[in-house]
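Visitor: Please work out how this folds:
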Amino acid sequence: DRFAASNFGKERFIKLLDTLHNSLRIDLSMYRNNFPASSPEKLQDLKATVDLLTSITFFRMKVQELTSPPRASTVVKDCVKACLRSTYQFLFENCYELYNTEFQVDRNEAKRDAEDTGPRLDDLEFWHKLIALITSVIEEDKNSYGPVLNQFPQELNIGQLSASTIWGL
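Guide: Predicted coordinates for the structure are as follows:
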């Protein structure tokens, strides 16, 4: 037992490791908020977070001798999907305001949009704007987050996962 020589205590260390792992998962589940694509420093923090998750997985396999700890790529994939679901919900609920901000719409059109409260079957303009916002999210994932989250090229393609997840909602 590799913990026998330490005075820290195996149970306490494993509890701290589990707490760290869960905290990293929570941060990754909100990667758009915690690691904005506009900040190169934060994108490096995102990469370091995924690297730390990978190190925890290896530690669990080698030191703790767990036979099947959660794979880092699976954890990241689940976190990305959770972030995409909340992103889609946010886009859906705030479509007009976000579209007007993101695409710098004419003020007269923005005033008219402010009167609209949300999706209606007879409002194709809402769906057009939502699709434009969704497309911008997918492009951001592909171009900004994809190169950073490239630790698992065979198992995880952020741009592809973003498109398939968000279009499936």
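
Visitor: and Gly85, which of the three is it?
Guide: Quick fix: residue 85 is Arg, not Gly. helix (DSSP: H, G, I helix; E, B strand; the rest coil).

Visitor: Quick check: chain neighbours aside, which residue is closest to it?
Guide: Spatially, and ignoring its direct neighbours in sequence, Arg85 is nearest to Leu169 (6.5 Å; CB to CB, 6 or more residues apart in numbering). Any C-beta I mention is one placed from the backbone N, CA and C, and that applies to glycine too.

Visitor: What is the burial count for Ile158?
Guide: Ile158 has 25 neighbouring residues, counting by other CB atoms under 10 Å.

Visitor: Is it correct that it is in contact with Lys81?
Guide: No. With contacts counted by CB atoms under 8 Å, Ile158 stays clear of Lys81, the gap being 10.9 Å.

Visitor: Tell me the helix or strand right after the lowest-mean-pLDDT helix or strand in the chain.
Guide: Within the chain, no helix or strand scores below helix 107-115, which has a mean of 59 by mean pLDDT, DSSP states H and E. Later in the chain than helix 107-115, the nearest helix or strand by DSSP states H and E is helix 124-140.

Visitor: Sketch out the helices for the protein, chain order is fine.
Guide: With DSSP state H as the criterion, the chain has helices at 10-29, 31-34, 40-62, 72-93, 95-102, 107-115, 124-140, 146-148, 158-167.

Visitor: which one of those helices has the lowest average pLDDT?
Guide: Mean pLDDT values for the helices of the chain show the minimum at helix 107-115, a mean of 59.

Visitor: The residue nearest to Arg85 contacts Tyr88, correct?
Guide: Yes. Under the criterion of CB under 8 Å, Leu169 is in contact with Tyr88, at a separation of 4.9 Å.

Visitor: Which one's more surrounded, those two?
Guide: Each of Leu169 and Tyr88 has its neighbours counted (other CB under 10 Å); Tyr88 has more, 19 against 12.

Visitor: OK, contacts around the more buried one?
Guide: Ile134, Ile166, Leu169 (CB atoms under 8 Å, 6 or more residues apart in numbering).

Visitor: Distance check, it against Glu102.
Guide: For Tyr88, the distance to Glu102 equals 15 Å [CB to CB, to the nearest Å].

Visitor: on that earlier part again, what about the residue nearest to Arg85, distance to Gln151?
Guide: From Leu169 to Gln151 the distance is 26 Å (CB to CB).

Visitor: One more: Ser39?
Guide: 20 Å.
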